[in-house]
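J.: Structure for the following, please:
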Amino acid sequence: MNSIVNEKELFLLAKEASQHAWAPYSGFKVGAALLTDSGEVYQGANIENASYGATICAERTAMVKALYDGHRSFSALAIYSQGASSAWPCGICRQFIFEFSEKARIITGPDEDHLEFLNVDELLPYGFRLKK
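T.: Now for the predicted structure:
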């Protein structure tokens, strides 16, 4: 990872971000920490809504913040949820991540000493992009 933070540090930032989740319906609080190719880190948390389709995942919260600031390429994304053995991105998030960085490394696990890793293209082997 070409970064100013290592994988454990990025995971701990995701864990910290989970404290900002708004999950009154599911109780499933998720945090994410996104590492841009330029070394900046953006945190995000899931924000639920009574209309579940309007819920925003932690991964997309972090990515939208980074995209807003002009970043378009990402090297890693750590995801944490208390009580989960691993918190892999949902299908919508997998496609969203793939759109910008199909080789981004996904980091998750129950704690910083038991991390698992996959690249986005391994989680979404047939991701797509529309031709411009």
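J.: OK, contacts around the residue nearest to the spatial centre of the chain?
T.: Central residue of the chain (C-alpha atoms, centre = their mean): E59, 3.3 Å from the mean position. The neighbours of E59, taking C-beta atoms under 8 Å, 6 or more residues apart in numbering as the test, are 32, 34, 44, 77, 79, 89, 93, 96-97. No exception for glycine: its C-beta is placed from N, CA and C like everyone else's.
J.: now G44
T.: G44 makes contact with 17, 31-34, 58-65 under the criterion C-beta under 8 Å, 6+ apart.
J.: again, only this time at 7 Å
T.: 17, 32, 58-59, 61-62, 65 (C-beta atoms under 7 Å, 6 or more residues apart in numbering).
J.: which among these end up buried?
T.: For the contacts of G44, a neighbour count by 16 or more other C-beta atoms under 10 Å gives the buried set as 17, 32, 58-59, 61-62.
J.: Could you name the helices and strands sitting against the host helix or strand of L10?
T.: Taking DSSP states H and E as the definition, one finds L10 inside helix 7-17. Judged by 3 or more C-beta pairs under 7 Å, 6 or more residues apart in numbering; DSSP states H and E, helix 7-17 is in contact with strand 30-36, strand 41-45, strand 74-81, strand 105-108.
J.: One more pass at 10 Å, please.
T.: If you count contacts as 3 or more C-beta pairs under 10 Å, 6 or more residues apart in numbering; DSSP states H and E, helix 7-17 packs onto strand 30-36, strand 41-45, helix 58-68, strand 74-81, strand 105-108.
J.: Buried deepest among the ones you listed, which one?
T.: strand 30-36 (a mean of 28; mean count of other C-beta atoms under 10 Å).
J.: Quick one: mean pLDDT for that strand?
T.: Averaging pLDDT along strand 30-36 yields 98.
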